[in-house]
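Colleague: sequence first, predicted model second:
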Amino acid sequence: MQYISTRGGMQPLPYCETLLEGLATDGGLAVPEVMPTVDGETLERWRALTYPQLATEVLGLFATDIPRADLARMTAAAYEPFPEEVVPLRSIGDDLTLVGLSEGPTLAFKDMAMQFLGQVVEYALERKGSVLNILGATSGDTGSAAEHALRGKDRIAVFMLSPQGRMSAFQRAQMFSLDDANIHNIAVDGVFDDCQNLVKDLAGDLDFKRTQHLGAVNSINLARITAQVVYYFWAWLRATDAGGWTELSFTVPSGNFGNILSGLYARQMGLPIRRLVLAANENNVLDEFFRTGIYRPRSAAQTLATSSPSMDISKASNLERFIFELVGRDATRVVGAWRDLGEQGYFDFTADLPRFTEEFGIVSGTSTHADRLETIRSVHEAAGDIIDPHTADGVKVAREYVESGVPMLVLETAKPHKFAETIHEAIGVELEYSPELRAMLDAPQRVTEMADDEHTLRAFIEANALR
């Protein structure tokens, strides 16, 4: 299996080299040259597998340059910190089932891919005899998941940008309380999109990227996308009966379009997914795109600070991978769309609007703060569950698309403990924290505050990068 760029300017690379590159050398995103497929017989054979075993099978279709025994060892290590089932499913009423993706070390779905990424990046670097300085941006959960997966690793340093004052207190504590020498937290005076732009600017400077050995762990990294594909297969296998070919739908809270893109890849691989329901918060640029065909990102000033902060994103990096599929994998048209975006502030695919649902199964909706509070209340009253605000966005929109006879699965994004203030506002409950979590919240925090300035960031990386 080889990987190419959405913009057509990168020579095909194997999996390990692709994941070390992060952003493609031409500024595009890496995608499989040919999407692997899975037939019904294989799906049935996979029913008896544990989650690490299933991950080995699914990831083995993408990471063909890694010997199977090595891959199995890495998936076992990646999911060892999780409970035995790894991803539990539970009903919350209204014909909805939650896919429990927040059982990992940082209590968020990002652990599902990041724990594997930590294993495979270290493996690839050891095989190559190299080091990697990871430059990333986070709106909340990616940063902590990456840092907890990569802390203390000799060949890796992490430079994680986050927007000042835009994360929950719990999210900040999970990142800033780490004192490992290879972890560098940088709070940027701006919003997530400003952080993401800095990452892309530096990654797009090939001389700087090579000199400083820069890589990425954001969802632009293909290893994360492929690792997330696994839990779509897992959830389908747990929600359907043996021997059947049941179609079901998934609802995905989405900000950067990475999580739902993994569902699209699973669908393209042959998994019987009827609908992929995108749930946005008030920063609903993606909902507007999938309803109108026009993609018009908002400025930093127009990007709202909401009670589901991990989705406070106006420029969804992974949308480029969807556009690549939409235009028949024509890199010239992808480049043209991003040229239009740069010149006029939007691009227009209204002519293709019917295909969004008919061909790709994608529909969308928006949830507000009031919706989140009401959804948290209603789920708690009906099922006794407490869900976090992002998952509440998903549940709210999922209810709009439930179809008779089609199971609807909602991807859980985080434990409610990460957003205690919103939970208290919704249901008046003070969440209890374990002694370990309380110690983390009370620990000293280590962070570098920085202006939204590329030159300042360059100098910081030059001074602290591994060589």
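Modeller: Okay, I see it.
Colleague: contact partners for Phe349?
Modeller: Gly293, Ile294, Tyr295, Ile323, Leu326, Ala337 (Cβ atoms under 8 Å, 6 or more residues apart in numbering). (Glycine included, C-beta is placed from N, CA and C.)
Colleague: and these, which are buried?
Modeller: Buried subset of the contacts of Phe349 (neighbour count, 16 or more other Cβ atoms under 10 Å): Gly293, Tyr295, Ile323, Leu326, Ala337.
Colleague: in a markdown table: these, plus pLDDT and distance to Arg166.
Modeller: Below are the buried ones among the contacts of Phe349 laid out as a markdown table (pLDDT from 0 to 100; distance: Cβ to Cβ, whole Å):
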| residue | pLDDT | distance to Arg166 |
| --- | --- | --- |
| Gly293 | 98 | 30 |
| Tyr295 | 98 | 23 |
| Ile323 | 98 | 27 |
| Leu326 | 98 | 31 |
| Ala337 | 98 | 28 |
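Colleague: closest to Ser130 out of the residues you listed?
Modeller: Sorting the buried ones among the contacts of Phe349 by distance to Ser130 puts Ile323 at the head of the list, at 32.1 Å, by Cβ to Cβ.
Colleague: where's the closest one, which helix or strand?
Modeller: Using DSSP states H and E, the element containing Ile323 is helix 319-326.
Colleague: picking that back up, out of the contacts of Phe349, who's nearest Pro67?
Modeller: Using Cβ to Cβ, Ile323 is the member of these that lies nearest Pro67, at 34.5 Å.
Colleague: so where do the helices sit in the stretch 151-300 of the chain?
Modeller: With DSSP state H, counting those that start in this stretch, the ranges of helices along the stretch 151-300 of the chain come out as 169-176, 192-203, 206-211, 222-239, 258-268, 285-292.
Colleague: any chance you could list what contacts the fifth one?
Modeller: Right, the one you point to is helix 258-268. Here helix 258-268 has contacts from 35, 109, 218-219, 224-226, 228-229, 232-233, 250, 252-254, 273, 276, 278, 317-318, 321-322, 325, 360-362, 411, using Cβ under 8 Å, 6+ apart.
Colleague: Ala157 is in contact with Arg467, isn't it?
Modeller: No: the pair Ala157 / Arg467 is not scored as a contact, 10.1 Å apart, by Cβ atoms under 8 Å.
Colleague: between the two, which one's more packed in?
Modeller: More neighbours surround Ala157 than the other of Ala157 and Arg467, with 23 against 7 (other Cβ atoms under 10 Å).
Colleague: who are the contact partners of the closest residue in space to Ala300 that isn't next to it in sequence?
Modeller: Closest residue to Ala300 apart from its sequence neighbours, by Cβ to Cβ, 6 or more residues apart in numbering: Val191 at 4.6 Å. When contacts are counted by Cβ under 8 Å, 6+ apart, Val191 touches Pro163, Arg166, Ala300, Thr303, Asp312.
Colleague: nearest to Pro52, of these?
Modeller: Asp312 (33.2 Å).
Colleague: so how far is Glu358 from the closest one?
Modeller: 31 Å (Cβ to Cβ, to the nearest Å).
Colleague: one more: Thr246?
Modeller: 20 Å.
Colleague: repeat for Gly165
Modeller: From Gly165 across to Glu358, the span is 42 Å (Cβ to Cβ).
Colleague: cool, and Gln212?
Modeller: 45 Å.
Colleague: more neighbours: those two, which one.
Modeller: Gln212 (22 against 9).
Colleague: which residues touch the more buried one?
Modeller: Asn133, Ile461, Glu462, Ala465.
Colleague: filter those residues down to the ones in strands?
Modeller: Asn133 (DSSP state E).
Colleague: farthest-apart pair in the contacts of Gln212, please.
Modeller: Asn133 and Glu462 (10.1 Å).
Colleague: higher neighbour count, these two?
Modeller: Asn133 (20 against 11).
Colleague: mind checking which of the helices of the stretch 151-300 of the chain is nearest Pro12?
Modeller: Of all those, it is helix 222-239 that lies closest to Pro12, at 12.8 Å by Cβ to Cβ.
Colleague: how far is that closest one from where the chain is centred?
Modeller: 12 Å (Cα atoms, centre = their mean, to the nearest Å).
Colleague: tell me which element Val86 falls in.
Modeller: Using DSSP H and E, Val86 sits in no helix or strand.
Colleague: is it true that it touches Leu54?
Modeller: No: counting by Cβ under 8 Å, Leu54 is not a contact partner of Val86; they are 9.3 Å apart.
Colleague: now the common contact residues for those two.
Modeller: Both Val86 and Leu54 are in contact with Trp234, where contact means Cβ under 8 Å, 6+ apart.
Colleague: most remote residue from the middle of the chain, which is it?
Modeller: Going by Cα atoms, centre = their mean, the residue of the chain most distant from its centre is Gly243, 31.3 Å out.
Colleague: which ones are touching that one?
Modeller: Gly243 makes contact with Glu44 under the criterion Cβ under 8 Å, 6+ apart.
Colleague: please repeat the previous calculation with a cut-off of 6 Å.
Modeller: Remark: with contacts taken as Cβ atoms under 6 Å, 6 or more residues apart in numbering, Gly243 is in contact with nothing.
Colleague: list the buried residues in stretch 183-197.
Modeller: 183-188, 190-197.
Colleague: now swap in stretch 304-311 and tell me
Modeller: Thr306, Ser307, Ser308, Pro309, Ser310, Met311.
Colleague: show me these that map onto strands.
Modeller: Per DSSP E, the buried residues of stretch 304-311 never map to strands.
Colleague: just give me the closest of those to Gly8.
Modeller: Nearest member of these to Gly8, counting by Cβ to Cβ, is Met311, at 30.6 Å.
Colleague: Phe356 touches Ile362, doesn't it?
Modeller: Yes: Phe356 lies in contact with Ile362 (Cβ atoms under 6 Å); the separation is 5.1 Å.
Colleague: quick one: common contacting residues for the two?
Modeller: Phe290.
Colleague: returning to what we had before: and the buried ones among the contacts of helix 258-268, selectable in PyMOL?
Modeller: Per 16+ other Cβ under 10 Å, the buried members of the contacts of helix 258-268 correspond to this PyMOL selection:
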select buried, resi 109+218+219+224+225+226+228+229+232+233+250+252+253+254+273+276+278+317+318+321+322+325+360+361+362+411
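Colleague: of all the helices of the stretch 151-300 of the chain, which one is nearest His455?
Modeller: That would be helix 192-203 among the helices of the stretch 151-300 of the chain, by Cβ to Cβ, at 10.5 Å.
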